[in-house]
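Enquirer: pasting a predicted model and its sequence here:
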Amino acid sequence: MGAVFKRGRVWYIDVRSAGHRIRKRVGASKEVAVLALKDAEVKIARKEFGFYNPTMGIEDFFRKYLEYSRANHAPSSTKRYASVIDNFRLYLKNRKDVESLEQISTEVIEEYVASI
């Protein structure tokens, strides 16, 4: 289902979840990379990998993404992402037809980009 590979001195995992390819840097140990791959495969099978759920409410997604960003990105990046989310949130308030993630289509995104 997935693979472990080495680039330079660093081991990575490569898996697919819901049609998306995900590569993650693990570290210098092949054994840890193999364990990380097995963990990712179990989470994928349980549908617990990542935080995307198409029926999830938009506000829940924004909240979870910002929690992830605080843990994994620089504070300046998280601040920028929060600003983008706030701007997108204002745009969505005017669109009553979008209430969950599955309703956000490329057309909605293109309209939003054209409006800024």
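Expert: That came through, no problem.
Enquirer: got a list of what residue 10 touches?
Expert: Shown in contact with residue 10 (C-beta atoms under 8 Å, 6 or more residues apart in numbering): 25-28. For every residue, glycine as well, the C-beta is placed using N, CA and C.
Enquirer: which member of these is positioned nearest residue 9?
Expert: residue 28 (5.9 Å; C-beta to C-beta).
Enquirer: next up, the contacts around the closest one.
Expert: Residue 28 sits next to 9-11 when contact means C-beta under 8 Å, 6+ apart.
Enquirer: which of the contacts of residue 10 are buried?
Expert: When the contacts of residue 10 are checked for burial by 16 or more other C-beta atoms under 10 Å, the buried set is residue 26.
Enquirer: which one of the contacts of residue 10 is nearest residue 97?
Expert: Distance to residue 97 across the contacts of residue 10 (C-beta to C-beta) is lowest for residue 25, with 39.3 Å.
Enquirer: how much space separates the closest one from residue 70?
Expert: Using C-beta to C-beta, to the nearest Å, residue 25 is found at 19 Å from residue 70.
Enquirer: out of the contacts of residue 10, list just those in strands.
Expert: By the criterion of DSSP state E, membership of the contacts of residue 10 in strands covers 25-27.
Enquirer: ok, so of these, who is nearest residue 105?
Expert: Looking across these and measuring by C-beta to C-beta, the closest to residue 105 is residue 25, at 31.9 Å.
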